[in-house]
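>>> model this:
(one chain, ligands or ions: 1)
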Amino acid sequence: MRLILLGPPGAGKGTQAQHLVQRHGIVQLSTGDMLRAAVKAGTPVGLKAKDIMASGGLVPDEVVVGIIADRIEEADAKNGFILDGFPRTVPQAQALDKLLKSKGLALDAVLELRVNEGALLRRVETRIAEMKARGEAVRADDTPEVLSQRLANYRAQTEPLVDYYGEKRKLATIDGMKSIDEVTADIKRVLDALSESAAKPTKARRKPAAKKAKAKKAAKAASAGRSAKKAKTAKKAVKKAAKKAVKKTAKKAAPKRGAAKKAKKSAKPAAKKAKTAARKGSVKRTRKGAKASSRPAKKVTKKRAKSARRLTKRG
Ligand code: ADP
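Sure, this is the predicted structure:
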């Protein structure tokens with residue numbers, strides 16, 4: 001299992017990470033702890049990070065990304081890990097994505113512990129008092145002044161990760177204001193649901209395929225609708241053309257009074273043609289079209305019929 005714990009300083013990430021380590025047999029990778037160890041050991045990374053950390057600033061992305069890249073290679077991380085305090089910026093998250101992808105690994109979930117800021121200050125003050133009471137060394141950055149700087153950094157640089165992982169559908173937000181045990185139980189519920197859905201390919205997992213089929217069907221229906229529309233338009237055009245041709249020829253034929261009989265006679269095959277054209281174009285013939293026609297009508301009708309055929313073919 002590969003998890004990220006997201007939350008401002010004092011949200012309880014460290015406490016919850018410990019529970020997860022025990023329950024899932026995975027390692028907690030805390031960049032804060034690693035950097036503090038590097039500072040203590042006086043390594044080049046430690047020397048670089050020391051003053052930045054003491055002032056509540058952020059250590060450069062390439063330094064922490066390098067530390068994580070090396071750490072997840074180690075044997076104890078093979079079973080999975082919980083990232084605590086990393087990623088802390090969007091570029092760090094992008095670097096992590098790349099890193100995991102290159103190793104063929106995937107994140108299971110990002111657990112955001114949401115707390116209200118007023119409570120954080122009180123929590124950190126309590127933590128300091130408890131550490132002092134136990135005779136432990138207090139962190140250089142655990143002072144109210146530095147804490148407000150760390151909080152400002154969280155808001156500006158880390159909080160955008162809530163959207164980043166939300167868009168990737170990896171985020172689960174947990175109310176960090178509840179008691180430690182309640183938060184632990186809420187996290188357990190989220191992770192149980194996750195492994196359940198991973199174990200059996202239920203509706204949720206089948207959904208994409210079903211959705212795809214539905215979309216395909218809809219696209220087919222839409223295209224059918226489109227061609228029906230096209231055919232309808234073509235039909236209309238044919239009807240209009242036939243009507244127009246008939247009208248035109250009727251007008252032409254009318255003044256030739258003496259030729260009325262002849263025209264009537266010769267109109268018959270033209271009308272027949274118009275009828276066929278109309279039928280081919282699925283258009284009803286008009287009575288007018290059957291009666292009034294002459295030679296030019298024959299020509300025009302023939303032409304229109306041809307174009308009608310072409311149109312309906314296309315449609
Ligand atoms: P916090 O309680 O503020 O979450 P951490 O123990 O996670 O503290 O980190 C302590 C300090 O270490 C940070 O204030 C920062 O200076 C440095 N640090 C830890 N993780 C990162 C990181 N991913 N990127 C940059 N700096 C970090």
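>>> which phi and psi does A106 have?
The phi/psi pair for A106 (degrees, to the nearest 10) reads phi -130, psi 150.
>>> was I right about R114 contacting I174?
Yes - with contact defined as Cβ atoms under 8 Å, R114 reaches I174; the gap is 6.9 Å. Where you see a C-beta, it was placed from the backbone N, CA and C, and this is true even at glycine.
>>> if you count what's nearby, which of the two comes out ahead?
Just comparing R114 and I174: by other Cβ atoms under 10 Å the higher neighbour count belongs to I174, 25 against 14.
>>> so that one sits in a strand?
Yes - when classified by DSSP: H, G, I helix; E, B strand; the rest coil, I174 is found to be part of a strand.
>>> what's it in contact with, if anything?
Residues in contact with I174 (Cβ atoms under 8 Å, 6 or more residues apart in numbering) are L111, E112, L113, R114, V183, D186, I187, V190.
>>> mind running it again at 10 Å?
Residues in contact with I174 (Cβ atoms under 10 Å, 6 or more residues apart in numbering) are 5-7, 11-12, 16, 111-115, 182-187, 189-190.
>>> Near the ligand, which residues of the stretch 51-200 of the chain are found?
Counting by Cβ under 6 Å from any ligand atom, the residues of the stretch 51-200 of the chain close to the ligand are 52-53, 56-59, 64, 85-86, 88, 92, 141, 150.
>>> Need these in JSON lines (columns: neighbour count).
Shown next, in JSON lines, are those (neighbours: other Cβ atoms under 10 Å):
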{"residue": "I52", "neighbour count": "15"}
{"residue": "M53", "neighbour count": "22"}
{"residue": "G56", "neighbour count": "19"}
{"residue": "G57", "neighbour count": "15"}
{"residue": "L58", "neighbour count": "19"}
{"residue": "V59", "neighbour count": "19"}
{"residue": "V64", "neighbour count": "25"}
{"residue": "G85", "neighbour count": "23"}
{"residue": "F86", "neighbour count": "23"}
{"residue": "R88", "neighbour count": "21"}
{"residue": "Q92", "neighbour count": "22"}
{"residue": "D141", "neighbour count": "20"}
{"residue": "R150", "neighbour count": "23"}
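>>> and those, which of them are in helices?
I52, M53, V64, Q92, R150 (DSSP state H).
>>> Residue of the stretch 51-200 of the chain closest to the ligand, please.
Residue of the stretch 51-200 of the chain nearest the ligand, by Cβ to the nearest ligand atom: G85 (3.0 Å).
>>> So that residue sits against L161, correct?
No - between G85 and L161 there is no contact under Cβ atoms under 10 Å: 11.9 Å.
>>> what about the helices in this structure?
Under DSSP H, the chain gives helices at 13-24, 31-41, 44-55, 61-71, 90-102, 117-133, 144-153, 160-167, 180-199, 203-253, 260-280, 287-291, 295-314.
>>> what residues are up against whichever residue of the stretch 1-150 of the chain sits closest to the ligand?
In the stretch 1-150 of the chain, no residue comes nearer to the ligand than G32, which is 2.0 Å away by Cβ to the nearest ligand atom. By Cβ under 10 Å, 6+ apart, the contact set of G32 is P9, K13, G14, M53, V59, V64, D84, G85, F86, R88, R139, D141.
>>> Which one among the residues you listed sits at the bottom for pLDDT?
Least confident entry in those, by pLDDT: R139, with 82.
>>> Quick check: closest non-adjacent residue to that residue.
Nearest-residue entry for R139: R36, 7.6 Å, with adjacent residues in sequence omitted and distances by Cβ to Cβ, 6 or more residues apart in numbering.
>>> so who does that neighbour touch?
Counting by Cβ under 10 Å, 6+ apart, R36 makes contact with S30, G46, A49, K50, M53, R139, A140, D141.
>>> again, but for A41
Neighbour list for A41: L47 [criterion: Cβ under 10 Å, 6+ apart].
>>> if I look at it, how far off is M34?
Remark: distance between A41 and M34 (Cβ to Cβ, to the nearest Å) = 10 Å.
>>> For stretch 97-109, buried residues please.
Neighbour-count burial for stretch 97-109 flags L107, A109 (criterion: 16 or more other Cβ atoms under 10 Å).
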